[in-house]
Structure formats: structure tokens, C-alpha cells
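> okay, here's the prediction I keep looking at, along with the sequence it came from:
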Amino acid sequence: MSEPSIKSILIDDDPFIRDLLQDKLRQYLPEVELLAMAGSGAEGMEKIRTFEPDLIFLDVEMADMTGFEMLAQLDRISFQTIFITSYSHYAIKAIRFNALDYLLKPIDLGELKAAISRYKARRRQPLAPQETIRQALLNMNTTDVGEKKLTLHTQEGIIRLALKTIVRLEGERNYTCIYLQGGKRVLASKTLGDLEEMLAGAGFFRCHKSHLVNASHIQAQLTSVSILLSDETVLPIARRKKDEFKRWYEAFGA
């Protein structure tokens, strides 16, 4: 006996992502029936009430509200949620809303298939709320920082960078230059502060107002206010941050 179809709704304010996910579902996961799409949180709530889906794909950051704010406004949540985000640290917050999984933009087909497989397994074996949270943490594999990726919009289009390949980041007004292993550089249209927030808890430290450094690429602390990186760059440590840096480096890098 075949499994019942999965009634789903896609809520994302990016038409490119909506088209991309719709195409992937149609081509590779026909058992996922996409009943409707919405371009805002407000429209998404209307679609949920109308169609009563089994599963929703939900953008974290939308123009009118976040995905979390949208869920908080619903009287009843009788569906599972797969969050779609460019910011991997948002995924932890998703646990509070009983999230099954999350996908990073641009959406990878293998990750999408894995998320749907986990949904099917979860549907066959319902878990208690506390067990759901534990399982979500396992799915996110938050300790495996080396395989996590940062998704960015650049002049060359959308790119995904493995965190382990990022040596350092240097702020340049409203842009940030990201230095990678092998000498390659990427210019991102985000401030250093934005990227510091996105990389929170992933082994990066703001050692200076202009510099964010990856602990795994620190070769040595030359002085109390300078460090040597794997690409032979020497970076300064702000004097007011030297004690904080020491504590952080002992935890993440040493």
C-alpha cells in the first residue's frame, strides 16, 4: 500500500526560492503535493487556515514578519515545519516551534530529500514534544561546525561557503571581504557585524573592530595583542578584548 501524499504549503517572499523549491518537488519528490504558495507571512496564515497542510516550508526572514512570528500568531499548529533560511543559527530557535528540520538557501536537493525522509519517519512514529526537541538537535548536528555552510549573496550570485574554509573576515564599510583557504577572496554585501551575528557560536571571534577570525585557522598568538593565521596574516587584537580573546581561544582554538 502506497503512502498518502504529503499536503504542503510553501511560504517564502523570494520568488526565486519559491520557483526553485516548486521545481525540485515536482521533479524529484512527487509525493509532496504543493497545495499553495505564499509570498508573505500574512498570506501564509491564510493559506494554512484554508488548506490545513501536513507540512509547511517556511522562510525565516520575510518582509512583513519572521517565520517564527507567523507561527506565534496561529491558534493551532497541527503541521510540521521545515524552515528555509540563509542564517544557520536561526535553526536552533526553530526547535521551540517543534520544527522537523531546516534547509539553507540555496536549497540543496540532497538535503531536501533527507528532510522529507525524516518527515516520513516522524509521521509514522509520532514523538513526544520533548523527544521532538532532542531529535531536532540531532538533525541539526550543531557540533559538526566544519561541515556547516554560510550562504551569501555576492556579485557573482548566491554562494555557499564551508565554514572550515573561511580563514578570516575583514570589514570594509557596508561590505565584508571574506578570506578563504588557498588565497581566494569573496566580497559579501553584508557588514562585519551582520556576519558576526550569523556566525555566532561557530568558532569565530571579533578580535578587532575590522576583523573576525576563525579559531581553527589561528596558528599562534604572537603577543597579547596579535595573532598569526594559517595564511600567514598577522591580525591585531584590540587591547580591550585581549582578556576576552584569551578565554574564547582556550575554549575554541587552543
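Noted; the coordinates are in hand. Because the structure is a prediction, the values reported are computed rather than measured.
> any stretches of the stretch 1-150 of the chain with poor pLDDT?
Residue ranges of the stretch 1-150 of the chain with pLDDT under 70: 1-2, 87-100, 124-148.
> could you pull out the helices for this structure?
Ranges of helices in the chain, per DSSP state H, are 15-28, 41-51, 67-72, 90-94, 109-124, 129-140, 192-198, 242-252.
> just send these back as CSV, with mean neighbour count and distance to residue 213 too.
All C-beta spots, glycine's among them, are computed from the backbone N, C-alpha and C. Output for the helices of the chain, formatted as CSV (neighbours: other Cβ atoms under 10 Å; distance: least, Cβ to Cβ, whole Å):
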stretch, mean neighbour count, distance to residue 213
helix 15-28, 15, 31
helix 41-51, 17, 36
helix 67-72, 20, 30
helix 90-94, 19, 23
helix 109-124, 14, 28
helix 129-140, 14, 24
helix 192-198, 17, 11
helix 242-252, 14, 9
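> and residue 220, which of these is closest to it?
Closest to residue 220 of those is helix 242-252 (Cβ to Cβ; 10.7 Å).
> what does that closest one contact?
203, 205, 207, 215, 218, 221, 224, 225, 237 (Cβ atoms under 8 Å, 6 or more residues apart in numbering).
> tell me which entries of those lie within strands.
Of these, the ones assigned to strands by DSSP state E are 205, 207, 218, 221.
> can you read off the pLDDT for the first one?
The per-residue pLDDT reported for residue 205 equals 89.
> what's the answer for the last one, then?
Per-residue confidence (pLDDT) for residue 221: 90.
> what's opposite it in the beta bridge?
Applying DSSP bridges to residue 221 gives these bridge partners: residue 227.
> what does the first one give?
Beta-bridge pairing of residue 205, defined through DSSP bridges, involves residue 213.
> pretty sure it is touching residue 216, no?
No: with contact defined as Cβ atoms under 8 Å, residue 205 and residue 216 do not form a contacting pair (11.4 Å).
> which of the two has more neighbours?
Each of residue 205 and residue 216 has its neighbours counted (other Cβ atoms under 10 Å); residue 205 has more, 22 against 17.
> distance check, the more buried one against residue 109.
Separation of residue 205 from residue 109 (Cβ to Cβ, to the nearest Å): 34 Å.
> can you tell me what sits against stretch 164-184?
Outside stretch 164-184, the residues that touch it by Cβ under 8 Å, 6+ apart are 145-147, 150, 152, 161, 185-195, 204, 209-214, 216-217, 229-231, 233, 235.
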